[in-house]
Every structure is written in C-alpha cells, then in structure tokens.
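**Q** I'll drop the sequence and a predicted model, then ask my questions.
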Amino acid sequence: MRPTPTAGRVLSLAVIVAVLGAGLLVGLGAADGLEELMNETVEVDSETDPLTLAVEFSDDFNDSETDVATVEATFYNETEFNESGTNATAANSFTVDGQETERIVEDVYFEDYPELEYDTEYRLVVEGDEEQVDTVELEGGLIGGVIVGGGDAQPGFGVGVAVLALAVAGAAARVRGGE
C-alpha cells in the first residue's frame, strides 16, 4: 500500500521545485553576457581627481568572432542607487574596449564632466562579460580597491550547482527523517 502524501511532503516538494526554478532563472540571467564586475561607492574631490579604472582583458575570449570586448562603467548618485538600483538615472557612463591580453587604463577627471560633482557620493557599477575580463581595478578618489573578475567557466553555473546541492541535501534529509 502506498502512503498518502502528507502536508510536509507536499511542502518539501514545492520548496525544492521553487529553489531549483530560482537557481535556473539566476543562471539564465547570468548567461546573457553582462555580469557585474564591480560595484563600488566613490567620492572625488578636487585634490583626489582623477578616478582611475583599469581593465585587464583575458588571454582568450573563447569566441573566434570576438576581436574587441566592451566593459560598461556607469556612475549613479549613491542615494538614488540605494533607492532604485540600476534603475536610477545614470549620472555618467563610458565604455572601455579592449582586445585579448590588453590592459586599458581610463582616467575619469570629474572636472571634465559637469554631471559629476566633487564631494558627492556616487555608485560606480562596471559590467561586462566575465569570461572576457580578468581584473578590474579602481584607484583614486576617497576609496580604491581591486575587484577580480572572472569566475566559473559558465556564468551562473556555480549558482546552479549550489542550488542543486541544497535541494538534493534537503530531499535526502526528508527521506532519512521518514516524512
């Protein structure tokens, strides 16, 4: 005789399906080629101008048709970004283009951009294809740091594996628990 499903079993199955679906959506979203490579709060004054962004492109773009990769750097007002994320109005943006193995350094002089004001906090979001970028470095202003790009061979793959591992562990625990 087959046992009837209990509310706990039905709920467990629903949670597993929801977690797997969310992981799949995250993985598919990351597969569009534009990942966030850097997300930093920056503030520049007249003595710390310029802000320097260095992008080192990978040795191999894994695509014979791609000769030049592009990284998009966007400044948002920090307050607006905290309220709306990347839906906030961009204060300024620029692109950095590079070929395999190139290291491109861009100096952003706030004095050259009337939309960027000294002593104002901005959020700098840098996006690109993580398979085509090895590192993104930020220097100058009142902050600076190094964020290493790159990651799994397939964007979003690590997230999918982690979600799947959690789902399998949960299902195994339910089976051992007898429910």
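**A** Here it is on my side, so go on. Residues are numbered from 1 along each chain as shown.
**Q** what residues are bridge-paired with Leu51?
**A** Leu51 has these beta-bridge partners by DSSP bridges: Val108.
**Q** quick one, what contacts it?
**A** By Cβ atoms under 8 Å, 6 or more residues apart in numbering, Leu51 lies in contact with Val42, Val44, Asp107, Val108, Phe110, Leu124, Leu138, Glu139, Gly140, Gly141. Heads up, the C-betas are built off the backbone N, CA and C, glycines and all.
**Q** quick one: the strands in this protein, in order.
**A** Assigned by DSSP state E, the chain shows strands spanning 35-42, 51-57, 69-77, 90-98, 103-108, 122-128, 133-139, 145-148.
**Q** do you know which of the ones you listed lies nearest Leu116?
**A** strand 90-98 (5.4 Å; Cβ to Cβ).
**Q** got the angle for the closest one vs strand 103-108?
**A** Computed with axes from the mean of the first three to the mean of the last three Cα atoms, to 10 degrees, the direction of strand 90-98 lies at 160 degrees from that of strand 103-108.
**Q** mind showing which ranges of this protein have poor pLDDT?
**A** For the chain, applying pLDDT under 70 flags the ranges 1-33, 63-64, 142-179.
**Q** the residue nearest to Glu111 when sequence neighbours are not counted and Gly141, how far apart?
**A** Ranked by Cβ to Cβ, 6 or more residues apart in numbering and with sequence neighbours excluded, the top spatial neighbour of Glu111 is Asp49, at 6.1 Å. Remark: distance between Asp49 and Gly141 (Cβ to Cβ, to the nearest Å) = 8 Å.
**Q** neighbour count: the two, which is higher?
**A** A direct count of neighbours by other Cβ atoms under 10 Å for Asp49 and Gly141 places Gly141 higher, at 22 against 17.
**Q** for that one, give me its contacts.
**A** Gly141 neighbours (Cβ under 8 Å, 6+ apart): Val42, Glu43, Val44, Thr48, Asp49, Leu51.
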